[in-house]
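Structure for the following, please:
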Amino acid sequence: MDASAPQPRAADLLAWYDRHRRVLPWRALPGERADPYRVWVSEIMLQQTTIAAVKPYFERFMARFPTVEALAAAPSESVMQAWAGLGYYSRARNLHACAKAVAHEHGGRFPDTEEGLRALPGIGAYTSGAVAAIAFDRPAVAVDGNVERVITRLFAIEDEMPAAKPLIRERVLALLPHARPGDFAQALMDLGATICTPRSPACGLCPWREPCQARIAGTQESFPRKAAKKTGKTRYGAAFVAMREDGAVLVRTRPAKGLLGGMVEVPGGDWRTDYEVDDALRDAPVGATWRRLMLPVRHVFTHFPLELTIFAGRVPLETHAPEGMRFTPFNRLKDEAFPNVFLKALEAGLEELQRPLD
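Prediction:
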C-alpha cells in the first residue's frame with residue numbers, strides 16, 4: 001500500500017454506518033441489544049443467498065419458530081418444509097442440530113465467544129465470527145463476499161480467491177476497533193452491499209474512497225481476483241409426476257444425507273452424465289400411460305448443471321404407493337418440503353396433466 005496515501009480508519013466507516021445503516025428484520029435498532037438467535041438464523045440463511053430472497057423466509061421462519069427452544073423441539077420435516085426454496089439444504093439440517101445443542105446442552109443460551117460458537121454443529125469460522133461480533137460485541141472477524149470485495153479493493157490485494165482469505169482476515173483484524181466491533185462488522189457488510197458493489201461501485205459516496213488503492217488505480221471492478229471457475233459436466237435424469245384419480249400426487253423423501261438430503265421429491269432415476277432418457281420408463285415408480293414433456297426442467301447446482309425430463313401420468317384410485325413413497329393430497333402439496341428443482345418438475349407435470357389428451 002502506498003505509504004503516502006491516507007490510511008483507512010474504522011472511525012470513518014462507523015460514522016458512515018451511523019448515517020446509512022440498513023434496517024433489516026434480524027438487525028437490532030441503534031441502542032438495542034441484538035438477539036443471538038435471530039442473528040444466527042439470519043447468518044445461516046444468508047450464506048449463498050441474497051438479502052432480498054431471505055427476508056420473507058426469515059420472517060416466516062421466526063413466526064413459526066420464535067425461539068431456539070421452539071426450533072429444537074420441531075420435527076425435522078417441519079424445519080425442512082420451512083426451509084424449502086432457500087437451497088443448500090444441509091444448512092437446514094445443521095441449523096436444527098445446532099438448535100438442539102443450544103437448547104439441550106447450553107440451557108437455550110448461545111455461547112458468547114467464537115470458540116464456544118465454533119463448537120456447535122454447523123457453525124464455521126465465518127458464522128462464529130459474525131455471531132460473536134454482532135450479537136455479543138466481541139472483537140471478532142466475519143469475512144463474507146461483501147467484506148472480501150471491500151478489503152481486496154481497499155488494499156489492492158492481488159492474490160486470487162480463496163487463497164487471499166487469510167490476508168483479508170489479517171487486514172480486517174488490523175482495522176478492527178476496540179469499541180463497537182459488532183457495528184464495524186455490519187458496517188463492512190453494508191458498505192459492500194450498497195456502495196462497493198461488484199459492478200459500478202459508487203466510489204464518490206464511500207467513506208474510504210481516499211485510501212482505496214483500487215480506486216486510485218482505477219481498477220475497482222477487477223477485485224477480488226478470482227481463479228477460473230470449474231463447472232462440472234451436465235447430468236441428466238427423469239422425474240415422474242403421478243397423479244391419482246383423487247388428485248393425490250406420488251412423492252418421497254430423499255435420504256437424510258447427501259444432496260438435497262431430507263427434502264421431498266417426485267420419484268425418478270439417478271442423475272448421471274450418461275443417463276439415457278429413451279430408457280427412462282424403466283425408472284417409472286408405478287404403471288401408467290406416461291406423457292413425456294418436450295422441454296426438460298433445468299437447474300444449476302454448485303458443482304453441476306442438471307436436466308430432468310418430466311413424465312406425467314394419471315393412475316387409478318386403488319394404486320398403492322411403492323415402498324418408501326406416499327401419495328400426498330393435492331391440497332397438502334404446499335406443505336411438503338420441495339426444493340426448487342422439484343417444484344419446477346411438479347409444476348410442469350401438473351400443467352401437462354391439465355391438458356386434454358390428443
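
Just the element for the residue nearest to residue 7 when sequence neighbours are not counted, please.
Excluding the flanking residues, the one nearest residue 7 by CB to CB, 6 or more residues apart in numbering is residue 211, at 5.8 Å. For the C-beta atoms, the positions are set from N, CA and C on the backbone; glycine is no exception. Using DSSP states H and E, residue 211 sits in no helix or strand.

residue contacts, residue 211?
5-8, 154 (CB atoms under 8 Å, 6 or more residues apart in numbering).

could you point out which element follows the longest helix belonging to the chain?
Longest helix of the chain, by residue count under DSSP state H: helix 90-105. On the C-terminal side of helix 90-105, the closest following helix or strand by DSSP H and E is helix 114-118.

Buried ones in that following helix, by neighbour count?
Within helix 114-118, the residues that count as buried by 16 or more other CB atoms under 10 Å are 114, 117.

Give me the contact list for it.
110-111, 123-125, 127-129, 131-132, 138, 140.

which strands and helices sit next to the longest helix of the chain?
Under the contact criterion of 3 or more CB pairs under 8 Å, 6 or more residues apart in numbering; DSSP states H and E, helix 90-105 touches helix 36-46, helix 68-73, helix 76-83.

Need the winner for burial among those helices.
helix 36-46 (a mean of 23; mean count of other CB atoms under 10 Å).

can you state the direction angle for the helix or strand just after that helix and helix 90-105?
The first helix or strand that comes after helix 36-46 along the chain, using DSSP H and E, is helix 51-64. Angle of helix 51-64 versus helix 90-105, following axes from the mean of the first three to the mean of the last three CA atoms, to 10 degrees, is 40 degrees.

if we can go back for a sec, check what pLDDT the residue nearest to residue 7 gets.
At residue 211, the model reports a pLDDT of 97.

likewise residue 290?
So, for residue 290, pLDDT stands at 95.

Who are the contact partners of it?
Applying CB under 8 Å, 6+ apart, we find residue 290 in contact with 240, 281, 284, 311-313.

Would you format those residues as TSV with neighbour count and secondary structure included?
Shown next, in TSV, are those (neighbours: other CB atoms under 10 Å; DSSP: H, G, I helix; E, B strand; the rest coil):
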residue	neighbour count	secondary structure
240	24	strand
281	15	helix
284	17	coil
311	25	strand
312	26	strand
313	20	strand
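
from the contacts of residue 211, which single one is nearest residue 21?
residue 8 (18.7 Å; CB to CB).

The closest one and residue 208 touch, don't they?
Yes. Assessed by CB atoms under 8 Å, residue 8 is found in contact with residue 208 at 4.9 Å.

intersection of neighbour lists for those two?
Joint contacts of residue 8 and residue 208 (CB under 8 Å, 6+ apart) are residue 154.

hang on, the earlier thing: dump the helices and strands packed on helix 90-105 to JSON lines, plus distance to residue 296.
Shown next, in JSON lines, are the helices and strands packed on helix 90-105 (distance: least, CB to CB, whole Å):
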{"stretch": "helix 36-46", "distance to residue 296": "30"}
{"stretch": "helix 68-73", "distance to residue 296": "37"}
{"stretch": "helix 76-83", "distance to residue 296": "26"}
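
Ok, which of those comes nearest residue 342?
Of all those, helix 76-83 comes closest under CB to CB, at 12.5 Å.

Now do that closest one: everything it contacts.
57, 60-61, 64-65, 71, 89, 91-93, 95-96, 253, 262-264, 335-337.

can you give me the strands for this structure?
235-244, 249-253, 264-265, 291-292, 297-300, 305-315, 325-328 (DSSP state E).
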